[in-house]
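# sequence first, predicted model second:
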Amino acid sequence: MSSSNALAVKIKLSEGTDISGLLQVPERRRACYIFAHGAGAGMAHPFMVSIVDGLAERRIATLRYQFPYMEQGSKRPDSPKVAHAAVRAAVAEAARLVPGLPLFAGGKSFGGRMTSQAQAASALPGVRGLVFLGFPLHPAGKPSDDRAKHLFDVQIPMLFLQGTRDDLAHLEFLEPLCRKLGPGATLKLFKDADHSFHVPARTGRKDSEIRIELLNVVADWIEKFSAIE
């Protein structure tokens, strides 16, 4: 099932409003990834589409969804409280729509960080692991690991997929962080890729190659933790 056939859904929030989602369920699915978008682009961004289509080919269902600010056409991201509520509502909706499937959650940049914060505050029901596509460890030009403190409160496995040229996750902070997080954290680096997993032409590699490698890593990792009861 490709993204062109994704099912539009409405995800109800606790305050009585709802947000849009897109459910993509391939045949013989083996897990579901609840996929939050980055700060500057919504769930229909080409990168998001390429990821969900690639995961569908690997028998992984996805539920993409909009944060409230994106739904309202605003450029200012929601407060953590509002974003966390959206994450929880999406997880609950996925559990309802694809009952019995192992659940994983995370997202691109901002979406991944909000998901991890929600999980750290109170475990997301049924979620077995978190997958981050470009975790924003710090603002551009201000390297630090200040945004990582909550990750030590996450008690489920985490997969970090990061480009070595990511301006929002300098390796001098990211690699020591993942070691400190212990065996539950897996870091996969993509040489020469930036925060959007783009590689310069001079490397001789294409973005599509990076994306295939990324998708294979995600699928293998999800398969590993789907088998653990």
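The structure has been received and is ready for your questions. Remember, predicted model here, so these are calculated numbers, not experimental data.

# how about the helices in the protein?
The residue ranges that make up the helices of the chain, judged by DSSP state H, are 46-57, 68-71, 80-97, 110-121, 171-181, 207-226.

# any idea which of those gets closest to residue 8?
helix 80-97 (12.0 Å; Cβ to Cβ). In short, each C-beta sits where N, CA and C put it, glycine included.

# could you figure out how far that closest one is turned away from helix 110-121?
An angle of 90 degrees separates the directions of helix 80-97 and helix 110-121 when computed by axes from the mean of the first three to the mean of the last three Cα atoms, to 10 degrees.

# just checking, what packs against helix 80-97?
strand 7-12, strand 18-24, strand 31-36, strand 60-65, helix 68-71, strand 103-108, helix 110-121 (3 or more Cβ pairs under 8 Å, 6 or more residues apart in numbering; DSSP states H and E).

# how about that helix, which residues are buried there?
When burial is assessed from 16 or more other Cβ atoms under 10 Å, helix 80-97 yields the following buried residues: 83-95, 97.

# could you do stretch 218-225 as well?
If you call a residue buried by 16+ other Cβ under 10 Å, then stretch 218-225 has these buried ones: 218-219, 221-222, 225.

# what lies in contact with that stretch?
Outside stretch 218-225, the residues that touch it by Cβ atoms under 8 Å, 6 or more residues apart in numbering are 30-31, 33, 55, 58-60, 102, 104, 128-129, 131, 157, 159, 161, 186.

# quick one, what contacts the residue at the greatest distance from the centre of the chain?
Among the C-alpha atoms of the chain, the one most distant from their mean position (Cα atoms, centre = their mean) is that of residue 202, at 28.6 Å. The neighbourhood of residue 202, defined by Cβ under 8 Å, 6+ apart, contains no residues.

# that one and residue 117, how far apart?
Relative to residue 117, residue 202 is positioned 37 Å away (Cβ to Cβ, to the nearest Å).

# do residue 132 as well
Distance, residue 132 to residue 117, using Cβ to Cβ: 12 Å.

# those two: who's more crowded?
Set residue 132 next to residue 117 and count neighbours by other Cβ atoms under 10 Å: residue 132 wins out with 24 against 19.

# residues contacting that one?
Residues in contact with residue 132 (Cβ under 8 Å, 6+ apart) are 106-107, 112-113, 116, 158-161.

# how about residue 215: what's its closest non-neighbour residue?
Ranked by Cβ to Cβ, 6 or more residues apart in numbering and with sequence neighbours excluded, the top spatial neighbour of residue 215 is residue 54, at 4.0 Å.

# since we're on the one you found, how many residues are nearby?
The burial metric for residue 54, expressed as a neighbour count using other Cβ under 10 Å, is 18.

# in this structure it contacts residue 212, no?
Yes. Residue 54 lies in contact with residue 212 (Cβ atoms under 8 Å); the separation is 7.3 Å.

# any stretches of this structure with poor pLDDT?
1-4, 15, 228-229 (pLDDT under 70).

# find the centremost residue of it, please.
With the centre of the chain defined as its mean C-alpha position, the nearest residue by Cα atoms, centre = their mean is residue 107, 1.7 Å away.

# so that residue makes contact with residue 114?
Yes. When contacts are counted by Cβ under 8 Å, residue 107 is listed as touching residue 114 (7.4 Å).
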